[in-house]
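Novice: What follows is a protein structure lacking sequence information:
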């Protein structure tokens, strides 16, 4: 590894190190020096270079693994994290109980009709929707980190379950649905136990919105025939086919349409009256209108059930329109769910879609309401909660359940205080299971379909939101529409896969085809109102930037039309900023942005620096440098065609080419801005090595320096230094007196005697070099100067300004 070292060893390496060095030598491994570059210090050197050096230790694999080492405190926090209710249950009080009671009863009145309606989507008897509603709310609060979420049957998951079990005999459907819940719950629980909840973040908002919108359209169109009393075709076909067949069969509409369309009309009418009309006209009673509005579903269901009872009480065996029928009292399906290979094989192909729905619906809703109500959820713990709910639910006859958007919104607005409100909701559902099943017999099927259509309407992305998608990212908006269209013309599962897949492809494309920026320096001033801050000690009024006074040490405020104000010592009047030379960031084209020095190029990465984009970055870097510099050896143009590379044709007119080349500088230094780079890999570092070798041949016999700015990861520094970056090369070819530039800072001295002790320690370590050091040569008591970065890697700079200054000084003096 290239580098120079002037340090002297003070202790013999341990036997284990000697053995390791011997093995490495035998295997031909070139070991990296502990300090690849060390500045030579002579008598009379600066104080900080001897007494306060900073050598950044390299990160080690053991150090990396140690951060994952479990500690007693960490294990205890991990175990207690599975039961978040322990952190608040001891502080439960009457005020919290009041809010939870109100919210729990309100949600219970909503979940009962919704649960039975959604079980129809799953092609299961209505009691299974009640079982899922009960188990979800009863178990969730033990493991919840969200006070708002309500777990239970939801429209999209129920539709997917219906697609899986719809073709099976009616007696087998509950078994398969319960097995699906058990398997999905186990998978999600494993993800949560390993604290891998962050993988949900890999699914972007546009994919979620497309999936929800497409699913809502799929469900609404699929329920329309049942609401109208139309039969004779498969309502689980692709959405467009169901829509077309519904139009074809409109002449077969039955009296069910009266029960369905009017119920849907009343649902939207009540929503408009209480959420828009009365809440604006009488805002003082806003909360009252809200609670009445949330009960509109229960009210409509009771109203139409009563109408159905009046019509069909004497014709139970031959009802005038479709009704729900018998709903057994109590838990009729309690027991160990049957799970075997044959049952699992019935839903294996759709298992990924089922897991994705459980994940994204629940996490997206819980995060959204956490932000609205100013608390933070733990995604991994939420996955534990829905995993356990779906594992234990089948023992009560439940099918897959997850977070419900509509019921969560109602619960939040109802003033819920803790997750314990779920227990109240569970009590309401339990009451319905044991006491109200006789009433459920007369619920019209068309009214249930109207309830479903009304509920999924909130899942459709509003046009204003789609417009904002377009404003933020037109490409992602296109992915949204593709996801919706695929869902409508194919299936919900395909819509999920396509939208998530396209989002992943877009992410990879943005990374792989990231465009770096060549940066130039601009000196800028600050303007406060009509005051221009600049450096001046002269009382001069300036009306334009062209007439700015000469630089000085004090900061002055100049008005465009007035007099000079007093000095502002707290502001830097001017500062250097680095902007893309080609103005691709949208900066004012009138700015004259140029390279900081001829032959020095500043290149900024924009999307990290890893194997997908490494070649793209370096190709653009080399092409730009070749276009704006000349070769280090001008005689290379006169080389005969037989001695040139096959892909390096000689210029047609050597004289013109020589004139053109003479106007360009030779390559001196490359500065890479790593402010947006966190990690590098072997491929990206190898690309840098190849480019360095290529540019060394291009600029020979000149020395090309490589400077790096704003590296924020120690492992990245280790990787680059292992490849020979971070310290100067060609020391023997530099001018006498050439020195490195370091960034230093002033820090507080702890004790007055520290400096004397440091001098004594330096003399003991190297008496010759530190012999002339005294306290007077250092900084004053109470303050001292220390390097900001490691002096062993002087070409790794803390900021871009320091990197440019170091490169320019090195070129001028070296």
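Specialist: Perfect, thanks for sending it. Keep in mind it's a predicted model, so treat the numbers as computed, not measured.
Novice: tell me which element residue 526 is part of?
Specialist: Assessed by DSSP states H and E, residue 526 sits inside strand 517-528.
Novice: Which positions in that strand come out as buried?
Specialist: Residues of strand 517-528 classed as buried by neighbour count (16 or more other Cβ atoms under 10 Å): 517-522, 526. Backbone N, C-alpha and C define where each C-beta goes, glycine included.
Novice: Most widely separated two among those residues?
Specialist: 518 and 526 (25.9 Å; Cβ to Cβ).
Novice: what's in contact with stretch 796-810?
Specialist: Stretch 796-810 is contacted by residues 519, 521, 576, 578, 596-597, 600, 602, 668-669, 671, 673, 675, 705, 707-711, 717, 720-721, 726, 728, 738, 740-741, 743, 788-790, 794-795 when judged by Cβ atoms under 8 Å, 6 or more residues apart in numbering.
Novice: mind listing what residue 84 touches?
Specialist: Residue 84 touches 143-145, 378, 381, counting by Cβ under 8 Å, 6+ apart.
Novice: One more: residue 225?
Specialist: Listed by Cβ under 8 Å, 6+ apart, the contact set of residue 225 reads 231, 233, 235, 242, 245-246, 249.
Novice: now swap in residue 589 and tell me
Specialist: Taking Cβ under 8 Å, 6+ apart, we find residue 589 in contact with residue 583.
Novice: mind checking how far it is from residue 520?
Specialist: Distance of residue 589 to residue 520, computed by Cβ to Cβ, to the nearest Å: 13 Å.
Novice: Residue 493 now?
Specialist: Taking Cβ to Cβ, one finds residue 493 at 51 Å from residue 520.
Novice: where in the stretch 51-200 of the chain is pLDDT low?
Specialist: Applying pLDDT under 70 to the stretch 51-200 of the chain flags the ranges 51-52.
Novice: returning to that earlier point: please pick the buried ones from the contacts of stretch 796-810.
Specialist: 519, 521, 578, 596-597, 600, 602, 668-669, 671, 673, 705, 707-711, 717, 720-721, 726, 728, 741, 743, 789-790, 794-795.
Novice: So which of these belong to strands?
Specialist: Under the assignment DSSP state E, these contribute 519, 521, 578, 600, 602, 669, 671, 673, 705, 707-709 to strands.
Novice: Residue 479 and residue 501: what is the separation?
Specialist: Residue 479 is 10 Å from residue 501, where distance means Cβ to Cβ.
Novice: More neighbours: the two, which one.
Specialist: residue 479 (24 against 13; other Cβ atoms under 10 Å).
Novice: Quick one, grab the pLDDT at the closest residue to the more buried one other than its chain neighbours.
Specialist: Computed as Cβ to Cβ, 6 or more residues apart in numbering, the closest residue to residue 479 that is not its neighbour in sequence is residue 502, at 4.7 Å. Residue 502 carries a pLDDT score of 96 in this model.
Novice: Just say helix, strand or coil for residue 502.
Specialist: Per DSSP: H, G, I helix; E, B strand; the rest coil, the local secondary structure of residue 502 is helix.
Novice: thought it was touching residue 482?
Specialist: Yes - taking contacts as Cβ atoms under 8 Å, residue 502 lies within contact range of residue 482: 6.3 Å.
Novice: Neighbour count: these two, which is higher?
Specialist: Between residue 502 and residue 482, counted using other Cβ under 10 Å, the more crowded position is residue 502 (22 against 16).
Novice: any idea how far the residue most central in space within the chain is from residue 679?
Specialist: Taking Cα atoms, centre = their mean as the criterion, residue 201 is the residue nearest the geometric centre of the chain, at 5.7 Å. Plainly put, residue 201 is 18 Å away from residue 679 if you go by Cβ to Cβ.
Novice: Please apply the same query to residue 185.
Specialist: Applying Cβ to Cβ, the value for residue 185 to residue 679 is 35 Å.
Novice: Give me the more crowded residue out of these two.
Specialist: A direct count of neighbours by other Cβ under 10 Å for residue 185 and residue 679 places residue 185 higher, at 23 against 12.
Novice: check which helix or strand covers the residue lying closest to that one once chain neighbours are set aside.
Specialist: Counting by Cβ to Cβ, 6+ apart, the nearest residue to residue 185 once its immediate chain neighbours are dropped is residue 390, at 3.0 Å. Per DSSP H and E: residue 390 is located in helix 379-392.
Novice: I'd like the mean pLDDT over that helix, please.
Specialist: Per-residue scores along helix 379-392 average to 95.
Novice: Adjacent strands (with direction) for the helix or strand that that helix is followed by?
Specialist: Toward the C-terminus, helix 379-392 is succeeded by strand 402-403 as the next helix or strand (DSSP H and E). Paired with strand 402-403 in the same sheet, following DSSP bridges, are strand 151-152 (antiparallel).
Novice: Run through who's touching the partner strand.
Specialist: So strand 151-152 is contacted by 111, 114-115, 132-133, 136-137, 139-140, 362, 385-386, 389, 401-404, 407, 422 (Cβ under 8 Å, 6+ apart).
Novice: Find the residue ranges of the stretch 551-700 of the chain scoring beneath the pLDDT cut-off.
Specialist: Where the stretch 551-700 of the chain drops to pLDDT under 70, the residues are 551-572, 634-661.
Novice: buried set for the strand or helix carrying residue 271?
Specialist: Using DSSP H and E, residue 271 falls within helix 256-272. Residues 256-260, 262-264, 266-267, 270-271 are the ones in helix 256-272 that count as buried (16+ other Cβ under 10 Å).
Novice: ok so, going back, nearest to residue 303, out of the buried residues of strand 517-528: which one, please.
Specialist: Ranked by distance to residue 303 (Cβ to Cβ), those are led by residue 517 at 65.2 Å.
Novice: Go ahead and confirm the closest one touches residue 593.
Specialist: No - taking Cβ under 8 Å as the definition, residue 517 is not a contact partner of residue 593, at 10.6 Å.
Novice: Tell me the residues that contact both of the two, please.
Specialist: Listed as contacting both residue 517 and residue 593 by Cβ under 8 Å, 6+ apart are 580-581.
Novice: which stretches of the stretch 401-550 of the chain form helices?
Specialist: Assigned helices in the stretch 401-550 of the chain, in chain order: 405-413, 421-435, 437-440, 445-456, 463-472, 474-489, 492-512 (criterion: DSSP state H, counting those that start in this stretch).
Novice: From the contact counts, what lies against the fourth one?
Specialist: Counting contacts by 3 or more Cβ pairs under 8 Å, 6 or more residues apart in numbering; DSSP states H and E, helix 445-456 is packed against helix 94-121, helix 155-165, helix 205-228, helix 256-272, helix 296-312.
Novice: To residue 446, which of the ones you listed lies closest?
Specialist: Residue 446 sits nearest to helix 256-272 of all those, at 3.2 Å, using Cβ to Cβ.
Novice: residues in contact with that closest one?
Specialist: 226-229, 293, 296-297, 299-300, 303-304, 307-308, 321-322, 444-447, 449-451, 453-454.
Novice: tilt between that helix and helix 205-228?
Specialist: Counting by axes from the mean of the first three to the mean of the last three Cα atoms, to 10 degrees, helix 256-272 lies at 130 degrees to helix 205-228.
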